[in-house]
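Engineer: Next input, structure requested:
(chains A, B, C and D)
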Amino acid sequence: MLSNLLITQFSTLALLTPPVAAEYMALVPGAIVSVLALIIILVDSFHRPGTRRDYLAYFSAIGLALAGFSAYVLWDNTLAGPVFNGMLYLDKFGLFFAILACLAGGLAVLQAPSYMRLVRMDRGEYYMLVLFSVAGAIFMANAADMLTLFIALEVMSIPVYCLAGYLRRDGRSAEAALKYFILGAFSAGLMLYGISLIYGVTGTTSLEFIGRNLSIIIHDPDPAGALASGNLITVGMLLIFSGFAFKIAAVPFHIWTPDVYTGSPAPAVGYMSTAVKAGAIAAMLRVLLIAFEDPVLRGGFNGFGWLDVVFFCAAASMVLGNVVAIMQKNVKRMLAYSSIAHAGYLLVGVAASSASPEFFLHHDTVLFYLATYTAGTVGAFGVLSILGKNGRPVETYDDLAGLGLKYPVAGVLMGLFMFSSAGVPPFGGFVGKLYIFSSAVQVGNTTGEFSFIGLALVGVLSSVAGAYYYLKVLVSMYMKKADEKADTEMVMTSSAKVSLFASALLTLALGIFPGFAIEMARESMVDFQGPSATTQKVQEQGRQQLEEMRQKEASSRVVADGVPQG
Amino acid sequence: MLYQDQFYYLGLIVLMPLIGALINGIIGAKLPRKFVDVIACGSILMSFFFSLISIKALVENATHVKNAEGVVETVYGHLSYTAYHWIYAGDFGVDLAFMLDPLTSLLLLLITGVGFLIHLYSVGYMADDPSKWRYFSYLNLFCFAMLLLVLGKNMLVTFIGWEGVGLCSYLLIGFWYTDDEKAAAGQKAFIVNRVGDFAFLVGMFILYYETQTLDYIQLKEFATNAALIQQIAPVAWLIVLFMFIGCTGKSAQIPLYVWLPDAMAGPTPVSALIHAATMVTSGVFLLSRLNWLVTISYEVMAVIAWVGALTAFFAATIAITQNDIKKVLAYSTVSQLGYMFLAVGVGSFTAAVFHLMTHAFFKALMFLGSGSVIHAMHHEQDMRKMGGLKKYMPVTSKTFLVGCLAISGFPLFSGFFSKDAILWGALSNTHVLGVVGAQEQIGDITVMRGEPSAVAQILTTKPLELISAGGPVDVNWLVQITSWGTFILAVITAGMTAFYMFRLYFMTFEGECRADEHTKAHLHESPVSMTIPLTVLAVLSLLGGLTGWPHFIVHGLHFPPEGFGLFFEHWFSELFQVTNDYRILTRFGAHAYGWEAVATVSGLIAGLSGIGLSWYMYMKNPEIPGLIQERIKALHGFVQQKYKVDEFYGFVFVKGSIKSGEGMTFFDKYILDGVLVNGAAALMATAGRILRHLQSGNVQRYATYITLGVVLALVALMLRM
Amino acid sequence: MGFWESLFFWIFAFGAVLSSVAVVAMRNPLYSALALVLDFFFFAGLYGLLSAHLMAITQVLVYAGAIMVLFLFIIMLLNLRDDELGQFEFRIHHLISAGAIGGLLFFVATAITPLVDMDKVSADREEQAKAYEASLKTYENNLAQVEGETDEKVKAEKLKKLEASKPAMTLQSRTAIKGPLYADLNESGLERVWQERLARHESGQTAINQGKWSRFDKSTPMVLPESLSGDDRASFGTIEPMSILIVNRFVVPFELTALLLLAAIVGAVIIAKRRL
Amino acid sequence: MFEPTLTHYLILAAITFCIGVFGVMVRRNAITLFMCVELMLNSVNLTFITFSKYRVDMDGHIFGFFVMAVAAAEAAVGLAIILHLFRHKRSVDVERADALQL
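Structural biologist: Alright, predicted model coming up:
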């Protein structure tokens, strides 16, 4: 007997249909990664101790590539509306982040063998943890329900806590894990509390229904109705936002970042600063744009709402990240602060694009920026994870002294990643920043709201400071005298080579031919499921724009390929 | 004939150096050394040929129109090539596109032509360097970036080139990175340039904000369209100001010129190519490209003129006191760039570009000559240890003399004509908004800022018709002061230029040889690959100026008005049309040949007396300089130490002592505190202290801050109600 | 809710708060752990009062039974000496912490405690709805009378008069009658679902008050509504509907949890094992 | 007043939640600190279940159920991390874990 209770809730009723075959496709990328992780546990448990496990890196990378590829195959087979009884979405937005997470994870696992040899910790579990985390990130980006979202968040985070404490011989690694774990669990608790309050107000955990019910409550013609739950909504919304802000390391929830990044193994940091951030951004956009999409909650021109919180977080992150990064002596710590600054740039994109439904499509700047950021950051940590000094991986600027000359490949690659992160053309970072800031300027111009232009200026100004500390790395690598007594080494395994060159290639490609990635990002936003009717109109316009653009592109290609006339 | 809009050769011009750079950069180390040379020089030579073909096409493409007065005017238009849609999403679109017009074609010839000569020269100069492949790779990469800069059809492509040349300049200055000082010089250049680039970027953002486009062709429509100009007129001054700040970084003007003299740490051919002929002039190029925008921001023009003139003057005074042969040339370059900006500031864009060209010839020549000397002297750069090199290095000394005569403005040498054009530009500086009568006719300038339609009105009508029929006009105080002040400074600078250049020449090539015996024994003329470029550049320095005679000579000697004598003016007349319309070319009347002759003669006198004084002090009575130096020791020391500008910056920007010799201090100076100026250091220290407290490493405090963050946001959100 | 339930609530509530304080205040982690076990039992009791029977059982089994054993095990394993315990010492930042928590509690409490007398609001709404219905009835009666009129001219005149006196449906009254959701369902595509739900509601199949969305009435006694059928009332929070929900609707999170536990186990092994 | 209403339950949950948060901030013993996190999660569960009954909707129960699973996973990892830290520092005092700072 199916109890009446189960069908009383209209959300339950609407969604309680057995999944059709097409809906199972939503699981494919995540499932591939999870199954791969299981296979790796199996393979690793039969592994004789003391033998090399580099092939596991390749194995995981190929599997991740497969998962990414499956996401790409699914690209044109997305479904409208949530699938699996409203638990997941299968849209291009989620697939974009799936590809991004697979990319970050794949690049990070390929760097591992070098690093593991440097720290003498060659274990198979590393790959498994990364894979679990990637699966979590994928599901998180696809989540259509607070429950899926939260569990996926934990699936993503718990392996990362373990990765932070992976270096069992290193006390600092243990400390990093402890800090990350305690603060992670703490912020997860805060976030859960927020979710529970929102659940109480709306009676549902489904993002779309939360959004609808919230609008209804807020626009209740009887002011008493709105007043009774208004504060609860605000508190809940803010607590949920704080959970995401913690994961993407935005000021004032950034405080764990430097410590954790310093103590954790370098390739894992490369992973956790990109894929985790990407997953959190994806889920945050889902929650903010679906559940809290109501103009009153959004704020901006309609009063004070989450948009303003994002706005101030963005400004504070950019300034604090860039200023404090200058003062660092430890390269990993510097990169931690720079990742805070990057979170700020991302939030600039989020704030500007959320200013009004008509700018909804501008969120593609955030997606594109994440892609460029992923390529550059994973690469930078990759270079750090192949270089060793006195039997341990390099960490400080002094450790890097002279290594650029000694190992030209590492030096050149580091230069490339640093220039990209600093936003020097023609690397990916430049196009990403340009795209984000120009969109902010455009939004400011269209709405006449100068605060967005001010935000863009703060961003440009603070990124000038970036030139200083990114260049400092190169200065150490090229222009400082190497410590003669130190025993430096470069463990360049073939897999690390693949990873580094892939990231370098990607960084360059995103700078010189950003078209394909931008188009993908734009398509993702056009396909973003679950927003309100007004936003859907904007999406429809965007779809037409894309079509026109493609036609224009095709026609211009005809001209370019045309035979010259006399 | 190819499509005018898809002119492939423009792409090829840019592509060639990139291919060269990639080949040399990736497999250069494994290639035979000769092969590296061939690839580097060959790629740039190909570019040169493609440039010639493109310019030929541009000329053939030109249309001839009869204007209202019945004079045939040539309209060159432009060729363009769109490689692909670079960033294209929604409303924001930028193509990777190139454009060729008269202004670009001049720069194109300089970059590829002079660039080729310098590549050729480098073959000999860098013959012994083990990482020559890297050098050539960088050099080709630089050419690529510079070509992007000048060929870019929109401002973003220009900006990429702008950043790219800065990057390559950094790489090349720090080429011999093993030397700490040189490495520091490279960083200094990069950082100072970044500060400038930031201003450029901000200017670009404002421009985009106002116009919604970065395409030069579309932007140009703003100049002639009354409706469009209304949009941009109120903020034009802001854009130009930011652009100019960007230019002060790249083109080494006050106050950001400090990097250029230090940049001489790089190999000499690099100094010749980057820090004399091409990169440093990109500021002039940029302002010329946006000449219509510069023109409507009338007060900023005065600022540009004064900054240019003062830079020219002060750099010249420093150059007099320097003893390092390359430092003299470096300050001379700063000084000459000042001239160009003076020309821009007074609205004589033609003169600015003209001087850009001649300066590229003679300054490249002199840098290469000095490189030849340094090469022969085993990397000795102190002029006090040289002398009498004439007999060891005949070709170098003769070509160098040509260069000196050219820069001193000796009649019929190229510098004579271009400097004369600038002097006349400064003297005749008249802007329609500065004309007293104009104030009554079109209203006060400050009022006009608020009412863009007034600006639009003048811009779209011919101001000459509006105000005067060619007779002398009264100008307001700003124009008066700028005009006379900059003219006098420029004339004095001309004299000083001649003086220090010949001081350099006499100390190096004439008199007794003061080198030690070991060096003396090995003195020799440079190889042919180095002397050929010298000779070619000498010929160019000699003849390059004949394309722009002064009007009074053209008039007086009855040259054909459309002939070669005014080639430069005709070549650029279309490009600077708006500016020339807007600017009353002379406040002395339409045909003030007398005044023009005054400018020419004063320049000539200044130059000749400079040469004479130099001859008197360094050839006739070599003891005099020492005596004078003794007499004004304090002043001389002050000037010799570059007015202690570096120290001043250090004092202003960084509180407390700076450990000298540490490369990092430059960063601290210019980025940390240079950006945030003065109180920044204290602010930073405070911020650091607070953050140190925050980032205590205690996980419980972190949890507190997170909660505090939530509560603060809650307070903000709750209070909205 | 009867007297005994209320009494148990207060006992459990005070017990929960006191034992929570004890968790924080106890010096020895062992005592803290025991206080936490106690706390969990109180919570389980509260869950029971809230008719969350399965949750109450799970709380005891999983939390108090399994997780707390793990805690105790670790405490015993580490066998901490006094100086390793990490004594409570007053720090300046504790003041900030207290302030922050005070702020948090303040805001949460203000949000939870209704600022509006919702009973009165509801009553007002009901009243308005009743008034509307009454006037509607009068109107309909009048209309019927007018329909009976034979003279076309008089009929039209009367109709016109009547039209003017037609009662307007105020937003308040409308929300009271049909619930605010119904008023705003223009574009949502859920109309069909709503029609069905409303039909069911009207035919008496489901008797739960669904119109409560905006009338977030915080002073409602925590009892299952009278209208809930006996079966439903008995099965609320029991294992049957829970399991149906888990394997149907929430199957994806359920599988994800499997992934989570596996990852956690492997992660814990990697970190804690001394030598692999 | 005697009869518990929705508000009573919610306030109770809020109070225990804040006690948990306070514990995280002041208890230096990592194990106790972690217990306080569990306390927070429990308060969240109470909130969920309260609202569940109020809404007559069992989604809240499900959420609470999964939160328990998450808590179990976190406990496993968290205690392992604490053990790991103890091996290095011979202490579970989080204030002694301050090797990483500015």
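Engineer: Residue B:609: neighbour count?
Structural biologist: Neighbour count for residue B:609, taken as other C-beta atoms under 10 Å in any protein chain shown: 15. All C-beta spots, glycine's among them, are computed from the backbone N, C-alpha and C.
Engineer: ok but it is inside a helix, no?
Structural biologist: Yes. The secondary structure assignment for residue B:609 places it in a helix, going by DSSP: H, G, I helix; E, B strand; the rest coil.
Engineer: May I have the residues that are in contact with it?
Structural biologist: Contact criterion C-beta atoms under 8 Å, 6 or more residues apart in numbering or on different chains gives B:495, B:498 as the residues in contact with residue B:609.
Engineer: and the gap between it and residue B:497?
Structural biologist: For residue B:609, the distance to residue B:497 under the criterion C-beta to C-beta, to the nearest Å works out to 12 Å.
Engineer: Quick check: next helix or strand after the helix or strand of chain A with the lowest mean pLDDT?
Structural biologist: Taking all helices and strands of chain A together, the one with the lowest average confidence (mean pLDDT, DSSP states H and E) is helix A:10-15, at a mean of 43. Moving toward the C-terminus from helix A:10-15, the first helix or strand encountered (DSSP states H and E) is helix A:28-45.
Engineer: and that next one, is it in reach of chain D?
Structural biologist: No. No part of helix A:28-45 sits close enough to chain D to count as contact by C-beta under 8 Å from any C-beta of the partner chain; the gap is at least 15.3 Å.
Engineer: That helix packs against which elements?
Structural biologist: Where contact means 3 or more C-beta pairs under 8 Å, 6 or more residues apart in numbering or on different chains; DSSP states H and E, helix A:28-45 is packed against helix A:54-74, helix A:92-119, helix A:125-142, helix C:251-272.
Engineer: tell me the most buried of the ones you listed?
Structural biologist: Neighbour counts (mean count of other C-beta atoms under 10 Å in any protein chain shown) averaged over each of those peak at helix A:125-142, with a mean of 31.
Engineer: is that helix anywhere near chain C?
Structural biologist: Yes. Remark: helix A:125-142 sits within contact range of chain C at A:125, A:128-129, A:132-133, A:135-136, A:139, by C-beta under 8 Å from any C-beta.
Engineer: now that helix and helix A:28-45, what's the angle there?
Structural biologist: For helix A:125-142 against helix A:28-45, the angle by axes from the mean of the first three to the mean of the last three C-alpha atoms, to 10 degrees is 170 degrees.
Engineer: what angle separates helix A:125-142 from helix C:251-272?
Structural biologist: Between the axis of helix A:125-142 and that of helix C:251-272 there is an angle of 150 degrees, by the same axes, to 10 degrees.
Engineer: Send me helix A:125-142 as CSV with only the CA atoms.
Structural biologist: Output of helix A:125-142 as CSV, limited to C-alpha atoms (Å, rounded to 0.1, in the frame of the first residue of the first chain):
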residue,chain,number,x,y,z
GLU,A,125,44.2,5.2,-2.4
TYR,A,126,45.1,8.7,-3.6
TYR,A,127,43.6,8.1,-7.0
MET,A,128,40.5,6.6,-5.4
LEU,A,129,39.9,9.5,-3.1
VAL,A,130,40.3,11.9,-6.0
LEU,A,131,37.8,9.9,-8.0
PHE,A,132,35.3,9.8,-5.2
SER,A,133,35.6,13.5,-4.9
VAL,A,134,35.1,14.1,-8.6
ALA,A,135,32.0,11.9,-8.5
GLY,A,136,30.7,14.1,-5.6
ALA,A,137,31.5,17.3,-7.6
ILE,A,138,29.7,16.0,-10.6
PHE,A,139,26.6,15.0,-8.6
MET,A,140,26.7,18.3,-6.8
ALA,A,141,26.7,20.3,-10.0
ASN,A,142,23.7,18.3,-11.2
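Engineer: moving C-terminal of it, what's the next helix or strand?
Structural biologist: As the chain continues past helix A:125-142, the following element, by DSSP H and E, is helix A:146-164.
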